[in-house]
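> Turn this into a structure:
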Amino acid sequence: MSRNKLIVGALFVSLLVAYFAFDLGRFFSLDYIKSRQVDFAALYDERPLLVASVFMAVYVAVTALSFPGAAVLTLAAGAIFGLLAGTVIVSFASSIGATLAFLASRYVLRDSVQSKFTDRLADINRGIEKEGSFYLFTLRLVPLVPFFVINLAMGLTKMKVVTFYGVSQIGMLAGTVVYVNAGTQLSKIDSLRGILSPGLIGSFVLLGVFPLLARKIVELVKRHKVYARWASVKPRKFDRNLIVIGAGSAGLVTSYIAAAVKAKVTLIETHKMGGDCLNFGCVPSKALIRSAKLVKQIGHSAEYGIESAQASFEFSQIMDRIHRVIAAVEPHDSIERYTSLGVDVITGYAKLINPWTVEITRHADGGKQSLTARSIVLATGAEPFVPPLPGLDEIGCLTSDTLWSLRELPPKLLVLGGGPIGCELAQAFARLGSQVTQVQRHSRLMTREDAEVSAFARTCLEQDGVRVLTSHKPVRCAKDGERKYIVLESGGQEKQVEFDVLLCAVGRVARLKGYGLEQLGITTDRTIETNEYLETVYPNIFAAGDVAGPYQFTHAAAHQAWYAAVNALFGKFKRFKADYSVMPWTTFIDPEVARVGLNEQEAKEKGIAYEVTRYDLDDLDRAIADSAAHGFVKILTRPGKDKILGVTIVGEHAGDLLAEYVLAMKHGLGLNKILGTIHTYPTWAEANKYAAGAWKRNHQPVKLLEWIARLHAWQRG
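Below you'll find the model as predicted:
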């Protein structure tokens, strides 16, 4: 920080110290204003310009320095100057003072804050550039946070000074009028009877009601703006209460809830009911993983006291089993089931024509039909991302969607990607006998997890025969006769890796094309942009599931679906903000990696203080009995408290064990409650109790125990 900035900062601190040291706040109390009201009024009658100028200067100074007292001064303006003059003086003084605070924050703090938190502030700066004026106007009109905080925070952004001043001048005007008007009523209090005067009561009622009215006004203005060009086509009557596009997890749950509350709902699906999870993702991959695990266990039968065992299988039979599993689960998500629940299910392509109308091209006969609805939920899901790698189109690749058509086990499998999907499939195919090479751009696998978890996962994969290449960047694919290979770059050197089949598992992207989003102007980036209520730019159009983010989990989509359905159907009465505070997930490698809440990596990035408690599963009786005594439970808690911030479990059944912590975090239960809960012996769930016990041992009341030891010694004589 430069010398000039240090001087400015020191000056501010000095003034702040003086403010409290000399008790200057007493001059900004309502009692003081009342006690000097007559004097101020007389002085104002005698020298109005001087009094108004001095008052305005004091108001500017208090606001610019972010000192307490602006609210009382606003009331005082009403008492001294009356409604009109008081409003004019306060309106300009508050805006000027706010702008000075804005500039001071920008001059002293912005460069250092922006340089230190560049990545985290990038989204905020983009938002300010996009609709910063409206956002600031909302904050000014509806005082969600103290104005001095807004002044300082906005100074850290890239908002223009002129914009800040203009929006502040307009946005604070309505609130200023309310406060100044209250001040004119306060000036009339001369007895207890005056406190109950209708005018004063009305002023305080207005003070309480104004933020609510202002919020509604802002919502109405914004709604009118976004719907203006569609006003002429809005239906007078609607065919449906709700139309849901996409029959994956989010779409199925949304339509289920709508039907359960007797709404008329239509569900439109382009491909298969159940979406990616049933047909290409969770269900088939877990079936594959289970078969691969059995092959591994048979091959290690000696660990279980069985001298010799050998697994003989055809890969095609394993794939047949996977499709049988899909078929067994399919009725849960079928058209017949949802029709019986009261959902109108249509298979076809859906496209938004306007905010209330969906055009459907039916699969059955190719015909088109249009349906209108008060609300629409977009649950179109996501699909595997295939990078634009030179030569990849010529070589061809599989994804987690197309993998399930394989009938022969690939002798050499190359897996691009070191995230959960890539790790799960790489391990499964290696266990079945493929020679697997896994390529990861980053320096480690599963980068969202702690470094020790990534290292543990890598060790497990390598023990199963996976060749893991981290810090390797794919350059191009090529073919030399029948030989297929990929060129990788690492440390400035290139190398070739041969393969028979390439599996691309580098991530998934939201399905955004072909639904008419562009024509309606629905904002998209990597996903459909929504607010905290899952509303798009149109308050009657919602998005849920993978297409909305921020998580691409089946259970996250189902979780969002409740909010989408309830807000879509009952939002005019009560809306609910989507809550992601306790979101669990599991990577189904063997052993599993499960997490909820913060891990150490995230806690450090966010500057959150924490303690770590760890329990190693090689101490758990059931793990020893199952010959699976590897892994750990790691819990982050508040320092000195049993409040759970996050849990990572690595081990057999980790995803199931995590549920107890999810419940505890959701309902505010600490480790003491888990420790005091009976867990069946011998089970894997005891790991949670022992982990809580480890925390308790680390927080023993040492001094108290010393005195208790003396008590026992005394009792022994």
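> what residues are up against Ala451?
Arg444, Gln601 (CB atoms under 8 Å, 6 or more residues apart in numbering). C-beta here means a position set from N, CA and C on the backbone, and glycine is covered the same way.
> I meant to write Phe588 there.
By CB under 8 Å, 6+ apart, the residues touching Phe588 are Ser285, Lys286, Ile289, Pro420, Glu424, Gly655.
> Among the residues you listed, which one lies nearest to Thr587?
Of all the contacts of Phe588, the one with the least separation from Thr587 (CB to CB) is Pro420, at 4.1 Å.
> Not counting sequence-adjacent ones, nearest residue to that closest one?
In space, not counting the residues next to it along the chain, Pro420 is nearest to Thr587; the distance is 4.1 Å by CB to CB, 6 or more residues apart in numbering.
> which strand residues sit across from the one you found in the sheet?
For Thr587, the beta-bridge partners are Val593 (DSSP bridges).
> Same check on Leu503?
With DSSP bridges as the rule, Leu503 is bridged to Leu398, Val415.
> Report whether the expected contact of it with Leu414 is present.
Yes: with contact defined as CB atoms under 8 Å, Leu503 reaches Leu414; the gap is 6.9 Å.
> So Trp695 is in contact with Val612, correct?
No: between Trp695 and Val612 there is no contact under CB under 8 Å: 9.6 Å.
> Those two: which has the busier surroundings?
Here Trp695 and Val612 are compared on neighbour count by other CB atoms under 10 Å; more neighbours surround Trp695, at 23 against 13.
> could you show me where the strands are in the stretch 601-717 of the chain, in order?
With DSSP state E, counting those that start in this stretch applied, the stretch 601-717 of the chain shows strands at 611-616, 632-637, 644-651, listed in chain order.
> Repeat that for the stretch 301-450 of the chain.
Listed in chain order (using DSSP E, counting those that start in this stretch), the strands of the stretch 301-450 of the chain are 344-354, 357-362, 368-378, 382-384, 412-416, 435-439.
> Any stretches of the stretch 451-600 of the chain with poor pLDDT?
Low-confidence segments of the stretch 451-600 of the chain, defined by pLDDT under 70: none present.
> err, the chain, not the other one
Along the chain, the model assigns pLDDT under 70 to residues 1-39, 110-132, 134-135, 138-139, 141-146, 148, 185-215.
> Need the residues touching each of Trp695 and Val612.
In the contact map built from CB under 8 Å, 6+ apart, the residues linked to both Trp695 and Val612 are Ile635.
> Can you report how many residues neighbour Phe40?
A total of 17 residues lie near Phe40 under the criterion other CB under 10 Å.
> Can you verify my assumption that it contacts Ala52?
No: using CB under 8 Å, Phe40 is not in contact with Ala52; the gap is 11.2 Å.
> returning to what we had before: and the strands of the stretch 301-450 of the chain as CSV, adding distance to Gly521 and mean neighbour count?
Output for these, formatted as CSV (distance: least, CB to CB, whole Å; neighbours: other CB atoms under 10 Å):
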stretch, distance to Gly521, mean neighbour count
strand 344-354, 11, 19
strand 357-362, 15, 18
strand 368-378, 14, 21
strand 382-384, 22, 21
strand 412-416, 35, 25
strand 435-439, 40, 24
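> out of those, nearest to Val72?
strand 368-378 (45.7 Å).
> Please give me every residue in contact with the nearest residue to Gly367 once chain neighbours are set aside.
When the adjacent residues along the chain are set aside, Gly367 lies closest to Thr361, with 7.6 Å between them (CB to CB, 6+ apart). Residues in contact with Thr361 (CB under 8 Å, 6+ apart) are Gly348, Tyr349, Lys351, Gly367, Lys368.
> of all those, which two lie farthest apart?
Taking every pair in these and measuring CB to CB, the maximum separation is 14.2 Å, between Lys351 and Gly367.
> ok, back up a step: out of the strands of the stretch 601-717 of the chain, which is the most enclosed?
Among the strands of the stretch 601-717 of the chain, ranked by average contacts under mean count of other CB atoms under 10 Å, first place goes to strand 644-651 (a mean of 25).
> Export it to PDB, keeping only CA atoms.
Taking only C-alpha atoms (Å, rounded to 0.1, in the frame of the first residue of the first chain), the coordinates of strand 644-651 have been written out as PDB:
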ATOM      1  CA  ILE A 644     -19.600 -29.900  12.200                       C
ATOM      2  CA  LEU A 645     -18.300 -27.800   9.300                       C
ATOM      3  CA  GLY A 646     -17.600 -30.700   6.900                       C
ATOM      4  CA  VAL A 647     -16.800 -34.400   6.700                       C
ATOM      5  CA  THR A 648     -14.800 -36.500   4.300                       C
ATOM      6  CA  ILE A 649     -14.900 -40.300   4.400                       C
ATOM      7  CA  VAL A 650     -12.700 -42.600   2.500                       C
ATOM      8  CA  GLY A 651     -13.500 -46.300   2.800                       C
END
